[in-house]
Structure formats: C-alpha cells, structure tokens
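> Here's a sequence, model it:
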Amino acid sequence: MRLIRDLDQLPERFRRAAVSIGNFDGVHRGHARIMERLWGLAGRLGTPAVVFTFDPHPARILRPEQAPTPLCWTDRKARLLFELGADAVVAYPTDRALLALDAREFFDQIVCGRLQARVLVEGPDFFFGRDRLGRIELLRQFCVDAGVTLDVVEPVRIGGEVVSSSRIRRLITAGRLEQAGPLLTQPYRIRGAVIRGAGRGAKLGYPTANLGRVDTLLPGEGTYAGRAWVENAPWPAAVSIGPNPTFDEPAPKVELHVIGYEGSLYDRAVEVDFLARLRDIRRFGSVEQLVLQMDRDVAATRRIVEQYDTPRE
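As a prediction, this is how the structure comes out:
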C-alpha cells in the first residue's frame, strides 16, 4: 500500500493498472462500491488497484469562497481507501496547470500518458477536464478509441436517496450523525491539536481538552458521544461543539472529556470519531445542574461506545 504525491515518482508496478479517479471525499458507501469493482477487476487482470485523487479539492483553487469544507484529510482518505482494497493512492497536488487541461488533454496526458491505465472504474456522474465539461459518455468514447476498459458503477441508494459527499455534509452540518454514519464506511472523524482553555472542567471533576486547528467539517452544535484517538489508542469521549452559555461564553469551541485518560493532552494531536448526538447545547441554572448533566453525558457515552465496540453475532 502506497500513498504517492508526485506522478513522477509513480513506481512502474503501479502503471498499466486498474484505476479510479475522483475526489473520494469522506470515502462513503458509494465509493466502497466503486472500490469493490476496482479491486475485483484488478484481481482478474493481475494488476494493482490504483486510486487517483486530488489534493486539494479542485474547488479550493477555482472557487475558494464556494469550496466545500472537506470531510477527511488526505492521509485518512488514503487509509480508508487502502482498507477497501487500493494498492496505491495518488494524491495529485492540484494546480491550475492540471485544471487547465481540457477533457481530451486530461485523458491523453494523465489517464493514458502518465498512468497508462488499462481499466477505469467510475460512477455515472463522473466529470473531468477543464470546467468539468468531460462527462461519462465522452469518457466512454475516449476509452473505446484508446483500448481502455471502462466500467461504470451505479450509485448506492440508502433511504431512497443517492449516497453522496454533499448529502453527508448536510447531515453532519445539521448534527445528524446517526443518519450520516450508515452512509460512511467508518465513523465520521475530525482531527486537531489540543490548545489551552480556561481549565474550568478539571475543577468540576471533568477535565476537558479544547481542540483547535480542525481542518475538516465540524458537526453542528451539540453534545456527542465519541471516541478520541490519542497516539493510536481509542478512548471514550464526550464531545461538546458550540458555546458555553452557562458561563456566558458565546464563542463556539470543540471540547472533549476523554473518559479514563489521566495524562496531559496539551499540544497533542487528537482525532475524534463521532458516534451519536446526545443533546442540544443549553444554559443550566447552576453549576450543580451542569455537573449532573455531565454525569449523564459520560454515562451515555460509555454505553454507546461499548455497544459500538461489542462484536455483533
């Protein structure tokens, strides 16, 4: 398994492979279906399964004010794709030169020239080339002319609606993690660095870590049950996203109480999985009422994480 950031460094063994091209943001169930097909075709041909993706998302360069906040960072995207069968992930450094290529140029220079793809596996809504003018029928024509096999995979529908990154983004923004979770291949995760806060949680018996520099989409305001990953070890964590009205703190922040963890987390990198939404953010009439609610939040988090981790028969 190999993450490659420069096509000039693409090993020869990953050329003439089965390839899928796309953003793969969030690595959801629709992507999993594409990967299943890609892995199967690669196995039958005796070639590697290679994913070509973009870093950053092309919209970050072309329309930065409209670019969607990413659902995962590149290294995590690659790990998820490896779990689904990718032998190599090319995270191409997106630049204006790449985005200036029209559909024909992209196919000739990238697909046939540098990747030398034998097989392409894509969804029906695949777009390529400058201004996204290349569509799946044009790709089919190019593939026939070049002797490249094209396999178009139908989208996955859950709840009567197509699974897509934009749908997942809407659910996460609304705090609907229970609805977003089944659309993803793994629990939704953010990452950040622990920064100093007021230190009030420790005085209440619930030390909290403030997470800063989060570079992916934050769930909507609320209190959540989740898991914190500290040095690759999972810990149950009750997570609050939003202001702290009980103490008249209007600024939104991400706070987590890592249940059972006793060491210092300051300046540490932490990743957080979101498993379920527990409640809204609200003002409590007293500190005592807040602590009682935190007791309930921690108990609920323990229960949810234990249920999630218990193997199903």
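> in this structure, which spans are strands?
2-4, 18-21, 49-55, 88-93, 119-122, 149-152, 157-158, 161-162, 188-195, 209-212, 222-230, 233-244, 249-258, 269-279 (DSSP state E).
> Among these, show me which one is buried the most.
Of all those, strand 18-21 carries the top mean neighbour count, a mean of 26, counting by mean count of other C-beta atoms under 10 Å. To be clear about C-beta, it is placed using only N, CA and C from the backbone, and glycine gets the same treatment.
> contacting residues around that strand?
Residues from elsewhere that reach strand 18-21 (C-beta atoms under 8 Å, 6 or more residues apart in numbering): 34-35, 38, 41-42, 45, 47-53, 111, 115, 117-122, 126, 128.
> possible to save the strands of the chain as TSV with mean pLDDT and distance to Cys143?
Converted to TSV, the strands of the chain look like this (pLDDT from 0 to 100; distance: least, C-beta to C-beta, whole Å):
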stretch	mean pLDDT	distance to Cys143
strand 2-4	96	23
strand 18-21	98	11
strand 49-55	97	15
strand 88-93	97	19
strand 119-122	98	6
strand 149-152	98	4
strand 157-158	98	26
strand 161-162	98	24
strand 188-195	96	35
strand 209-212	95	45
strand 222-230	97	41
strand 233-244	97	43
strand 249-258	94	45
strand 269-279	97	39
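> Tabulate these (a markdown table), appending distance to Gly30.
Formatted as a markdown table, the strands of the chain follow (distance: least, C-beta to C-beta, whole Å):
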| stretch | distance to Gly30 |
| --- | --- |
| strand 2-4 | 22 |
| strand 18-21 | 12 |
| strand 49-55 | 14 |
| strand 88-93 | 17 |
| strand 119-122 | 11 |
| strand 149-152 | 13 |
| strand 157-158 | 9 |
| strand 161-162 | 7 |
| strand 188-195 | 16 |
| strand 209-212 | 29 |
| strand 222-230 | 24 |
| strand 233-244 | 27 |
| strand 249-258 | 28 |
| strand 269-279 | 20 |
